[in-house]
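Kindly generate the corresponding structure for this input.
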Amino acid sequence: MALWGKPAIARGPLGIITWTELLFLLMFVGLLAWSTSAYIHNMFATITTQSASRIEEKVWEVKLDSMALMLGLVGNICLSFLFFLVTRGSSVFRLLGLTSESSIKYHIWLGNIAMVFFTAHGLCYTIFCAKTHQISQMLKWKKVGISNVAGEVALLAGMAIWLTSIPRIRRSIFELFFYTHHLYILFVVFFILHVGFSYCWITLPGFYLFLIDRLLRFLQSQQKFRLVSARVLPCQAVELSFSKTPGLHYNPMSSIFLYIPSISKLQWHPFTITSSSNLDPEKLSVVIKSEGTWSQKLYEKLSQPSPMNHLQVSVEGPYGHASTHFQQYDKIVMFSGGSGINPFISIIRELLHKTNNPANKIPQLVLVAAFKRSVDLGILDLILPLSGTSQ
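Residues are numbered from 1 along each chain as shown. Here you go, the predicted structure:
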């Protein structure tokens, strides 16, 4: 089983792919290829010169109409898994050894594939309507059957999400990407209006599980966490520590989502937990580097000369691996740059806790960390837990 978790492809446009991921990827590509072939074979088998002449269309026009329908049907297969892949509390991911963070890349893959099919679907129907002089049909909203206008609205919403998900746009204008992604509600509503419930049954289960996950996350986020301390670091970063019950356990490199209404009423941001649930049984800590609009506002708020009496924070999570695979190795080599050292701090703290028991086998550890400025070296002080810290 350990072999399936090892990289099968280390270099490529899709990043690092394990043997398990490669297997599921090939199975899914096979499903799409088989579905495409089956749809084309069944649809084209009934298209003849006589059948085309009866509806006063050419054979290639009828085939184009069928091809457009096929593209939409295959796109529905991608859509059926698309929303499930962004559920953060899925037990299926734990069974497969995946995390909600790692499943995001599958969501991106499927989103790209689905939008390629849906865009081609809309383009083929546009060409078909133009060649058969039925452009007026694209502006009609049928109460029975397929509603073209609803499909056009859904496609426009999907394309807006797709375009703002381009890596360069997502990284440089994250808020545009974030808020545009909420058009998924518009997309789903008009998608259902476009095809009707009889054709969207394959996509609704995944969306239903996504809604259940969102509901559970919403209920959890209503619990207010008590902020024990806020430590301002010289490298323009802050360490936030929250109180937690000793029974709350999480593995190293886990993450939480933070919501601070005094900074933004809508934004939740993920951060890697730097504390160890074993070494720090009564608190949970994260380090936030001032590198964006949201984090800059937080840093300015906490670094004011006059101390704050209260900071309302909501927490969602933690999320992470169900097991700690790094402990099975004899030597661990870790490379990081800047704030990328944060996940490794939790690993080091976990290993420090295990040194308290002589029976534990502790792997040799090598940490290679690069920083732009010498002042950033202060983040290394977080490796050793401090007690009684304050702002």
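
is it true that S336 lies in a strand?
Yes - checked against DSSP: H, G, I helix; E, B strand; the rest coil, S336 lies within a strand.

Next, count neighbours for it.
A total of 16 residues lie near S336 under the criterion other Cβ atoms under 10 Å. Placement of C-beta: from N, CA and C, glycine included.

who's it bridged to?
Beta-bridge pairing for S336 (DSSP bridges): A369.

confidence score at it?
The model reports S336 with a pLDDT of 90.

Run a quick check on it versus V366, I expect a contact.
No - between S336 and V366 there is no contact under Cβ atoms under 8 Å: 11.7 Å.

For the closest residue to A370 other than its chain neighbours, the count of nearby residues, please.
Counting by Cβ to Cβ, 6 or more residues apart in numbering, A370 lies nearest to G337, which is 4.8 Å off, once chain neighbours are set aside. Around G337 there are 11 other residues, counting by other Cβ under 10 Å.

ditto for F210
There are 19 residues near F210, going by other Cβ under 10 Å.

Run through the residues that contact the nearest residue to it once chain neighbours are set aside.
Leaving out its chain neighbours, the residue that sits closest to F210 by Cβ to Cβ, 6+ apart is F83, at 3.8 Å. Neighbour list for F83: 184, 206-207, 209-210 [criterion: Cβ atoms under 8 Å, 6 or more residues apart in numbering].

okay, F83: pLDDT?
At F83, pLDDT is 92.

Check L386 too.
Here, the pLDDT recorded for L386 equals 52.

same check, this time on F190
pLDDT, F190: 94.

so how far is L26 from it?
33 Å (Cβ to Cβ, to the nearest Å).

Repeat that for P281.
44 Å.

The two: which is more packed in?
Neighbour totals were compared for P281 and L26, and P281 leads with 15 against 10 (other Cβ under 10 Å).

Next, count neighbours for the residue nearest to the more buried one when sequence neighbours are not counted.
Among residues not flanking P281 along the chain, P246 sits closest, at 4.3 Å (Cβ to Cβ, 6+ apart). When neighbours are defined as other Cβ under 10 Å, P246 has 10 of them.

same deal with W141?
W141 - counted by other Cβ under 10 Å - has 9 other residues nearby.

Please, which helix or strand holds it?
Secondary structure assignment for W141, by DSSP states H and E: no helix or strand.

The residue nearest to P281 looks like it's in a helix, true?
No - per three-state DSSP, P246 lies outside any helix segment and is coil.

Can you give me the pLDDT of P7?
Predicted confidence (pLDDT) for P7: 75.

quick one: low-confidence ranges for this structure?
When residues are selected by pLDDT under 70, those of the chain lie in 1-5, 95-97, 224, 307, 322-324, 384-391.

For the residue nearest the centre of it, give me its contacts.
Geometric centre of the chain, nearest residue: I104, 3.3 Å, by Cα atoms, centre = their mean. Going by Cβ under 8 Å, 6+ apart, I104 touches 85-86.

do the one 10 residues further on as well
A114 makes contacts with 75, 78-79, 82, 158, as judged by Cβ under 8 Å, 6+ apart.

hmm, try it at 10 Å
74-82, 158, 162 (Cβ atoms under 10 Å, 6 or more residues apart in numbering).

Give me the distance between it and N360.
Counting by Cβ to Cβ - A114 and N360 are separated by 47 Å.

Check S243 too.
28 Å.

the strands in this structure, which residues?
For the chain, strands defined by DSSP state E occupy the ranges 7-9, 17-18, 227-233, 237-243, 255-259, 269-272, 283-289, 314-319, 331-337, 364-370.

Could you give the separation of the second one from the chain centroid?
Here strand 17-18 shows a centroid-to-chain-centroid distance of 17 Å under the convention Cα atoms, centre = their mean, to the nearest Å.

Note down every partner strand of that strand and its orientation.
According to DSSP bridges, strand 17-18 has these partners: strand 7-9 (antiparallel).

Show me the contact partners of the strand it pairs with.
Strand 7-9 is contacted by residues 15-23, 25 when judged by Cβ under 10 Å, 6+ apart.

That's all I had, so thanks and see you.
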